[in-house]
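Colleague: sequence-free structure coming up:
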């Protein structure tokens, strides 16, 4: 059995994702944009298309894809069991998550078994009955890497900044003059400058420029495409191909996403350009990008 090297960090990743707005918003944004639209079966033969479209709908596969990717980003992995009836038909999906799943490999490194622990019970599943999604897979291990990994120092620094800001604002720091109506404006750069290498005068400009830089849509689109490919390939290999063979269909269906209401690349680039030229505020950019709705 191969233990997940990230297991000891799961609580930290939980905290970063659930309690910090920016990592939370980033995950939600990537998942939403990558999978926006309805999942659909694509096939020339109408009977094949209809069969797999019904399968997608009655197993809630369309809705579960978002939950699967969220889990994968936060923990590095997401495992989903294909639940079948006595006839071998897939009747639902069971999201095993990541925390309680361990993977068994043979000497060649191939996965032979998924072990899921819940309470005092342990269940074992064959790889053919489990969809396993990994983000940034590690070498010599069947597990992936959390998107939250590496954010711990940044979160800790931001917490220190907020603590010092409140202390300065309340007059609890000797070296800081908290008197006057501008004490809030003074306290913010004071707290930030204690924990960063950035001169105070450049702080606002740096924040806006960094956000604009991260909105390079060509890179973002490639990321979203890689996520769609990951979902598509895993579903085709573990669901569509086996079901095609079992049903005796001559054609193997593919899957895709019907696009709807997704901002065009040019729209997002326009927001970034306005932000860079200081024509709109950071808060207004967040609203236009829909980031505020994901704050916790």
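Modeller: Everything's here; your move. Just so you know, these numbers come straight off a predicted model, no measurement behind them.
Colleague: and the pLDDT for residue 286?
Modeller: At residue 286, the model reports a pLDDT of 69.
Colleague: on the three-state scheme, residue 150 is what?
Modeller: coil (DSSP: H, G, I helix; E, B strand; the rest coil).
Colleague: likewise for the one 10 residues further on?
Modeller: Under the three-state scheme (three-state DSSP), the conformation of residue 160 reads as helix.
Colleague: now do it against residue 154, distance only.
Modeller: 11 Å (C-beta to C-beta, to the nearest Å). Every C-beta, even on glycine, is put in place using the N, C-alpha and C of the backbone.
Colleague: and the next element down the chain from the helix or strand of the chain with the lowest mean pLDDT?
Modeller: Ranking every helix and strand in the chain by mean pLDDT, DSSP states H and E puts helix 203-213 at the bottom, with a mean of 47. Proceeding N to C from helix 203-213, the next assigned helix or strand is helix 217-235, under DSSP states H and E.
Colleague: give me the buried positions along that next one.
Modeller: 217, 220, 224, 227, 228, 230, 231, 232, 234, 235 (16 or more other C-beta atoms under 10 Å).
Colleague: stretch 163-170 too?
Modeller: Neighbour-count burial for stretch 163-170 flags 164, 165, 167, 168, 169 (criterion: 16+ other C-beta under 10 Å).
Colleague: quick one, strands of this protein?
Modeller: 38-42, 77-84, 90-97, 101-105, 111-118, 121-125, 130-134, 254-258 (DSSP state E).
Colleague: nearest to residue 140, of these?
Modeller: strand 101-105 (9.9 Å; C-beta to C-beta).
Colleague: just want the angle from that closest one to strand 77-84.
Modeller: Per axes from the mean of the first three to the mean of the last three C-alpha atoms, to 10 degrees, the angle that strand 101-105 makes with strand 77-84 is 90 degrees.
Colleague: give me the distance from strand 101-105 to the chain's centre.
Modeller: Relative to its parent chain, strand 101-105 has a centroid offset of 22 Å by C-alpha atoms, centre = their mean, to the nearest Å.
Colleague: also stretch 117-133?
Modeller: 22 Å.
Colleague: and for stretch 47-54?
Modeller: Distance, centroid of stretch 47-54 to centroid of chain: 29 Å (C-alpha atoms, centre = their mean).
Colleague: where among the strands of the chain is the average confidence lowest?
Modeller: The weakest mean pLDDT among the strands of the chain belongs to strand 254-258, with a mean of 85.
Colleague: can you give me the neighbour number for the residue nearest to residue 142 when sequence neighbours are not counted?
Modeller: Leaving aside its chain neighbours, residue 142 sits nearest to residue 103 (4.6 Å; criterion: C-beta to C-beta, 6 or more residues apart in numbering). By other C-beta atoms under 10 Å, the residues close to residue 103 number 21.
Colleague: which residues does residue 103 contact?
Modeller: 1, 2, 4, 111, 113, 114, 115, 132, 142, 143 (C-beta atoms under 8 Å, 6 or more residues apart in numbering).
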